[in-house]
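>>> Test case, fold it:
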Amino acid sequence: MTWNPIEQPVDECWLGGYATPGICEVVGASSPRKWDEQAGYAMSGAILIYRGTGLAHFSINLKLYTLEHWNTWDLIKPILMRPPVGKRANALDVIHPVLNEVGISQLVIEDVGAPEQVEDGVWSISIKCIEWRRYGLGVSKPDGSTATPADPRDVEIGELTGERNMMSIAADGGNP
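Alright, predicted model coming up:
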């Protein structure tokens, strides 16, 4: 069963094993695909080549409004900050139903915005993320659609041909 936001609202996200503070909103999560269009000179249409799935770019926005939220932010902030010079950045496991819907389970941090006051006593922090996924082969040419609209004239020709074949079978005494 898929997630139902009406019956199962979620205000937190789990990043690297930590629950996010305040109210969490995931914005812009998607499942992008990469396509290459190859068209010939002076030709209509093109050949499409599927180049695999792209990486999603999205944001996790937090709204903090209590002292407890700020204390939790102090605990989670170190895993979101830039790695020290000479160290590699690591991907983080992420759990949120919106991200599950598009198959995102790991991410890297692209940017962490400074806290911005959006109302009296309410602060917003935006965490820009990029989906992390191991690479794999994904190049292929898609097949055309299998369902084609029927031309009414072709349908009529087919029906008449079927009738003619049935009449010739009947004229031959039932032998096809």
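>>> Would you mind listing the residues in contact with the residue sitting nearest the centre point of the chain?
The centre of the chain sits closest to Ser31, judged by Cα atoms, centre = their mean, with a distance of 1.7 Å. Residues near Ser31 by Cβ atoms under 8 Å, 6 or more residues apart in numbering: 53, 56, 102-103. From N, CA and C alone the C-beta is placed, and that goes for glycine too.
>>> Name the nearest of these relative to Asp111.
Among the contacts of Ser31, Ala56 lies closest to Asp111 (Cβ to Cβ), at 15.1 Å.
>>> Just want the phi and psi numbers for the closest residue to the closest one other than its chain neighbours.
Among residues not flanking Ala56 along the chain, Glu131 sits closest, at 4.2 Å (Cβ to Cβ, 6 or more residues apart in numbering). Here is the backbone geometry of Glu131 (degrees, to the nearest 10): phi -60, psi 140.
>>> who's Glu131 bridged to?
Beta-bridge partners recorded for Glu131 (DSSP bridges): Leu107.
>>> Quick one: low-confidence residue ranges for the chain.
Scanning the chain for pLDDT under 70 picks out 1, 137-151, 155, 158-159, 162-176.
>>> Please, where are all the strands along it?
Secondary structure of the chain (DSSP state E): strands at 14-15, 18-19, 23-27, 33-38, 47-53, 57-64, 92-95, 106-112, 116-119, 122-131, 139-140.
>>> Run a quick neighbour tally on the closest residue to Gln38 other than its chain neighbours.
Once flanking residues are discounted, Gln38 sits nearest to Ile47: 4.7 Å by Cβ to Cβ, 6+ apart. Residues within reach of Ile47, counting by other Cβ atoms under 10 Å, total 12.
>>> what about Ile47, distance to Gly17?
From Ile47 across to Gly17, the span is 46 Å (Cβ to Cβ, to the nearest Å).
>>> what do you get for Ser30?
Distance from Ser30 to Gly17, by Cβ to Cβ: 25 Å.
>>> cool, and Glu131?
Relative to Gly17, and taking Cβ to Cβ, Glu131 is found at 18 Å.
>>> which of these two has more neighbours?
Shown here are Glu131 and Gly17; by other Cβ under 10 Å, Glu131 has more neighbours (24 against 10).
>>> Now do the same contact list for the residue nearest to Gly121 when sequence neighbours are not counted.
Using Cβ to Cβ, 6+ apart and skipping the chain neighbours, the partner closest in space to Gly121 is Tyr65 (5.6 Å). Applying Cβ under 8 Å, 6+ apart to Tyr65 gives the contacts 22, 121-123.
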